[in-house]
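Participant: Could you work out the structure for the sequence below:
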Amino acid sequence: MRNIIGNNLTLTLFGESHNPEIGVVLDGLGAGIKIDEDYISLCLSRRKPNSMIETSRKESDHYRFFSGVFNSCTTGSSIGIIVENENIKSDDYDDISHLARPGHADYTSFIKYHGYNDYRGGGHFSGRLTTPIVIAGAIVKKALEKFNIKIVSHIKQIGNVNDRDFEDFNKDINLVKDQFFPVLDQVQNQMEEEIIKARSEFDSIGGKIQLAIINLPVGLGEPYFSSLESEISKAMFSLGGVKGIEFGLGFGFCSSRGSKVNDSFIYSEGKVITKTNNNGGINGGISNGMPVVFSLAIKPTPSILKTQKTIDFKNGINDVINIKGRHDPCIVRRICVVSEALTALVIGDLLITKYGNDVFIKENLD
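Facilitator: Predicted coordinates for the structure are as follows:
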């Protein structure tokens, strides 16, 4: 089992949903970066559930650094982060340990790990493990602000309710930055109604989020196998709920002509920009200085209270399953801050690759 992402800035993830602790090791971050624990707490609060529309599992998310931080700054060594699991109800999984929950990794992990996998709460596959990812991402995201690089997201869609796309970035980022329920238009109530309706019918619902990276320097990413798109995509598909990604106009290119969607370059106040941003700020796998914009398709939470057909993979028979426990009817809102964290880790890695390990204590990126 490989649990590492990144090249020169790496994150190693460890733990299972119902173990006493989970955590990450963040390696490659230079010395002298200020740790803003208030900002970490803000990011963790965005990941926590709202029991009115989400899971009733509440965790304090108490964490501690066990290496790499001294006097509230990074030391240059590996940063170790431990998060406590406190609100655990493992008994909910005793009766279904041999049943493959539809949409989950129970069957595939049982086969891959020869039956030794921890099935409680999804084990290592659980969304609970995104908690330490958010902490590590918050550290890097705060460091990126030194160069005015900002990573924001908003809920683009839940069910049949849609928010508008990013338009005026300077204005829009202030509408959604670090918000608990980030939307650009007044659609929160309608989206929450979609979630409540799904939950009342013992079901779940999916959606879409849109992210933007503002003020990236030109030149991040490589052609072909380490393109900016492929590095971001690898990180995003590490999240079990993500089932699709598109950059810029994305699948809208399919029904378009080049004359309508090509992004023309112009000089504006001595700076090169494009008149449109259909390519989402990336050409040839490399950032072109425009906002990098991409969207993620989020599937409905697979744990639902309806009776479903499945298999008993230990006894080799067809069966049915009735899932108990505490589950989100929709994870779209909570995945926003997690995707921002992973995006920050990707951008941090690319900056270190291009400018060196001490990039975050430099004055500029020239």
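
Participant: tell me what the helix or strand where residue 81 lies is packed against?
Facilitator: Assigned by DSSP states H and E, residue 81 falls within strand 79-84. In terms of contacts (3 or more CB pairs under 8 Å, 6 or more residues apart in numbering; DSSP states H and E), strand 79-84 is packed against strand 21-27, strand 63-67, helix 130-144. Using the backbone N, CA and C atoms, a C-beta is placed for each residue, glycine as well.

Participant: ok and the second one relative to helix 130-144, angle-wise?
Facilitator: Put plainly, it is strand 63-67. Here strand 63-67 runs at an angle of 70 degrees relative to helix 130-144 (axes from the mean of the first three to the mean of the last three CA atoms, to 10 degrees).

Participant: Specify the local secondary structure of the residue nearest to residue 177 when sequence neighbours are not counted.
Facilitator: Using CB to CB, 6 or more residues apart in numbering and skipping residues adjacent in sequence, the residue nearest residue 177 is residue 152, 5.2 Å away. Using DSSP: H, G, I helix; E, B strand; the rest coil, the structure places residue 152 in strand.

Participant: how far away is residue 152 from residue 338?
Facilitator: 14 Å (CB to CB, to the nearest Å).

Participant: coming back round to it: can you pull up the bridge partners for the residue nearest to residue 177?
Facilitator: residue 212 (DSSP bridges).

Participant: is it true that it touches residue 211?
Facilitator: Yes. Residue 152 lies in contact with residue 211 (CB atoms under 8 Å); the separation is 7.0 Å.

Participant: what do those two both touch?
Facilitator: Contact criterion CB atoms under 8 Å, 6 or more residues apart in numbering; residues shared by residue 152 and residue 211: residue 340.

Participant: where along the stretch 51-200 of the chain do the strands fall?
Facilitator: 63-67, 69-70, 73-74, 79-84, 150-158, 161-162 (DSSP state E, counting those that start in this stretch).

Participant: what's next to the fifth one, contact-wise?
Facilitator: Meaning strand 150-158. Counting by CB under 8 Å, 6+ apart, 141, 144, 162-163, 165-166, 172-173, 175-177, 181-184, 191, 194-195, 205-215, 295, 330, 332-333, 336-337, 339-340, 343-344, 347 sit against strand 150-158.

Participant: Can you flag the buried ones in those residues?
Facilitator: With burial judged by 16 or more other CB atoms under 10 Å, the buried subset of the contacts of strand 150-158 is 141, 144, 162-163, 166, 172-173, 176, 181-184, 191, 194-195, 205-214, 295, 330, 332-333, 336-337, 339-340, 343-344, 347.

Participant: Residue 141 is in contact with residue 33, correct?
Facilitator: No. Contact criterion CB under 8 Å: residue 33 and residue 141 do not qualify, at 11.5 Å.

Participant: quick one: the helices in the stretch 101-250 of the chain?
Facilitator: 106-112, 130-144, 169-176, 188-200, 228-236 (DSSP state H, counting those that start in this stretch).

Participant: Output the fourth one as CSV - backbone C-alpha positions only.
Facilitator: Coordinates of each C-alpha in helix 188-200 appear next as CSV, following Å, rounded to 0.1, in the frame of the first residue of the first chain:
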residue,chain,number,x,y,z
GLN,A,188,-27.7,27.9,-0.3
ASN,A,189,-31.2,27.3,0.9
GLN,A,190,-32.2,25.5,-2.3
MET,A,191,-29.1,23.3,-2.2
GLU,A,192,-29.8,22.4,1.5
GLU,A,193,-33.4,21.5,0.6
GLU,A,194,-32.0,19.1,-2.0
ILE,A,195,-29.9,17.4,0.7
ILE,A,196,-32.7,17.3,3.2
LYS,A,197,-35.0,15.8,0.7
ALA,A,198,-32.5,13.0,-0.2
ARG,A,199,-31.9,12.3,3.5
SER,A,200,-35.7,12.2,4.2
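
Participant: Could you pull out the buried residues of that helix?
Facilitator: Buried residues in helix 188-200, counting neighbours by 16+ other CB under 10 Å, are found at 188, 190, 191, 192, 194, 195, 198, 199.

Participant: any low-confidence regions in the chain?
Facilitator: For the chain, applying pLDDT under 70 flags the ranges 1, 51, 56-57, 87-94, 325.

Participant: Just give me the longest helix of it.
Facilitator: Ranked by residue count under DSSP state H, the longest helix found in the chain is helix 332-355.

Participant: Can you spell out which helices and strands pack onto it?
Facilitator: helix 37-47, helix 130-144, strand 150-158, strand 207-214, helix 228-236, strand 292-298.

Participant: For burial, what's the neighbour tally of the residue nearest to residue 337 when sequence neighbours are not counted?
Facilitator: Among residues not flanking residue 337 along the chain, residue 46 sits closest, at 4.1 Å (CB to CB, 6+ apart). Using other CB atoms under 10 Å, residue 46 has 19 other residues around it.

Participant: Quick one: residues contacting residue 46.
Facilitator: Going by CB under 8 Å, 6+ apart, residue 46 touches 134, 178, 179, 180, 334, 336, 337.

Participant: again, 7 Å this time
Facilitator: 178, 180, 337 (CB atoms under 7 Å, 6 or more residues apart in numbering).

Participant: This completes my enquiry, with thanks.
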